[in-house]
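In: sharing a model prediction with you, sequence too.
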Amino acid sequence: MALRFLRSWKPVLGGFCPVAGRTVVSERRGAVVTVAINRPEVRNAVNQETARRLLQELEAFDRDPGLNVAVLHGKGGNFCAGYDLKELANHTDSLKLEQDVTKGPGPMRCDRVVPSGPSRLQLSKPLIAAVSGYAVAGGLELALLADMRVVEESAVMGVFCRRFALEAALQLADQISSFPQKCLRADRSSAIYSCYDAQSFTQAMQFEMDHGLPVVPSESVAGATRFTSEGAGRGGKFS
């Protein structure tokens, strides 16, 4: 749905209110539940524990007959900065992705990597994303999971590892050429297939998984390592 821009809702949903030891915090308000990512120290980047907790909380909302609407947001001024690249770079052996999209939940994106999370979850009740600060990479994917998005004017949304300038066609071509090519081409192929050839949502997701999974060992882990050790890609700048 179309975005509705607000100047600020931070005093209601985005203020810093950490709860020790809990990466996802839920609060019931009558027939409405708020689900908050609670890792403000890393701009609410999602690690494996957080991804599992998000899935559990949203599934619990969907099952609860006393709840009608859920609001997803982030603590501390940011919605979600995507997947925690430090975890990806340092704990690659713990990442186990199911290739069959009909089995289990979906991954949350960070150059097509991550743990089981809610990215393919199809809820039977409305979900609203309240977005402030950064909603990038997997964070943008979480925002798009919602039926509606309420977005602050200052929010930053995008996928930085695919971002480029629009100054000239040749400059654009040079920049695209400098991006991780396997990941970029897999994204392009998935977008075209899902738009024109897929017969169902599941078929489109299976195509994306089948063609995206080989990118993980060849490009994503190395990119996450460069990000954490060298800062490559911070602020949407890639070189």
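Out: All right, it came through fine.

In: remind me which helix or strand residue 121 belongs to.
Out: Assessed by DSSP states H and E, residue 121 sits outside every helix and strand.

In: so it makes contact with residue 58?
Out: Yes. If you go by C-beta atoms under 8 Å, residue 121 and residue 58 touch, sitting 5.9 Å apart. Bear in mind the C-beta positions are built from the backbone N, C-alpha and C, glycine included.

In: compare the two and say which is more crowded by neighbours.
Out: Using other C-beta atoms under 10 Å as the criterion, residue 121 and residue 58 rank with residue 58 on top: 24 against 15.

In: can you pull the contacts of that one?
Out: 35, 70, 72, 118, 121, 123, 127 (C-beta atoms under 8 Å, 6 or more residues apart in numbering).

In: could you rerun that using 10 Å?
Out: Listed by C-beta atoms under 10 Å, 6 or more residues apart in numbering, the contact set of residue 58 reads 24, 26, 33, 35, 70, 72, 105, 117-118, 121, 123, 125, 127, 145.

In: buried residues in the helix or strand harbouring it?
Out: According to DSSP H and E, residue 58 maps onto helix 48-63. For helix 48-63, burial by neighbour count (16 or more other C-beta atoms under 10 Å) applies to 48, 50, 51, 52, 53, 54, 55, 57, 58, 61.

In: now the two most distant members of these.
Out: Across the buried residues of helix 48-63, the longest distance by C-beta to C-beta is 20.9 Å; it joins 48 and 61.

In: low pLDDT regions in the chain?
Out: 1-21, 88-116, 161-164, 166-170, 172-173, 220-223, 225-226, 230-239 (pLDDT under 70).

In: tell me which stretches of the protein form strands.
Out: 4-6, 24-29, 32-37, 69-74, 106-107, 116-117, 127-131, 134-136, 148-152, 156-158 (DSSP state E).

In: pick the most deeply packed of the ones you listed.
Out: The highest mean neighbour count among these, using mean count of other C-beta atoms under 10 Å, belongs to strand 134-136: a mean of 26.

In: show residues contacting that strand.
Out: By C-beta under 10 Å, 6+ apart, the residues outside strand 134-136 that reach it are 43-45, 74, 77-82, 110, 129, 140-144, 149, 151-152, 155-161, 163, 236.

In: just the buried ones out of the residues you listed, please.
Out: Looks like those have 43-45, 74, 77-82, 110, 129, 140-143, 149, 151-152, 155-157, 159-161 buried, using 16+ other C-beta under 10 Å.

In: now, those that are in helices?
Out: 140, 141, 142, 143 (DSSP state H).

In: could you export stretch 123-132 as CSV, CA atoms only?
Out: C-alpha atoms of stretch 123-132 as CSV (Å, rounded to 0.1, in the frame of the first residue of the first chain):
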residue,chain,number,x,y,z
LEU,A,123,-0.3,-13.8,7.8
SER,A,124,-4.1,-14.0,7.9
LYS,A,125,-4.4,-10.6,9.7
PRO,A,126,-3.0,-7.1,9.0
LEU,A,127,0.6,-6.2,9.9
ILE,A,128,1.7,-2.6,9.9
ALA,A,129,5.4,-1.6,9.8
ALA,A,130,6.2,1.6,11.7
VAL,A,131,9.5,2.7,10.1
SER,A,132,12.0,5.2,11.4
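
In: okay if I get the strands of the chain as a markdown table plus distance to residue 180?
Out: Shown next, in a markdown table, are these (distance: least, C-beta to C-beta, whole Å):
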| stretch | distance to residue 180 |
| --- | --- |
| strand 4-6 | 32 |
| strand 24-29 | 30 |
| strand 32-37 | 26 |
| strand 69-74 | 27 |
| strand 106-107 | 17 |
| strand 116-117 | 22 |
| strand 127-131 | 26 |
| strand 134-136 | 16 |
| strand 148-152 | 28 |
| strand 156-158 | 16 |
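
In: and these: which comes nearest residue 212?
Out: Nearest of the strands of the chain (C-beta to C-beta): strand 106-107, 8.9 Å.

In: that's all I had, so thanks and see you.
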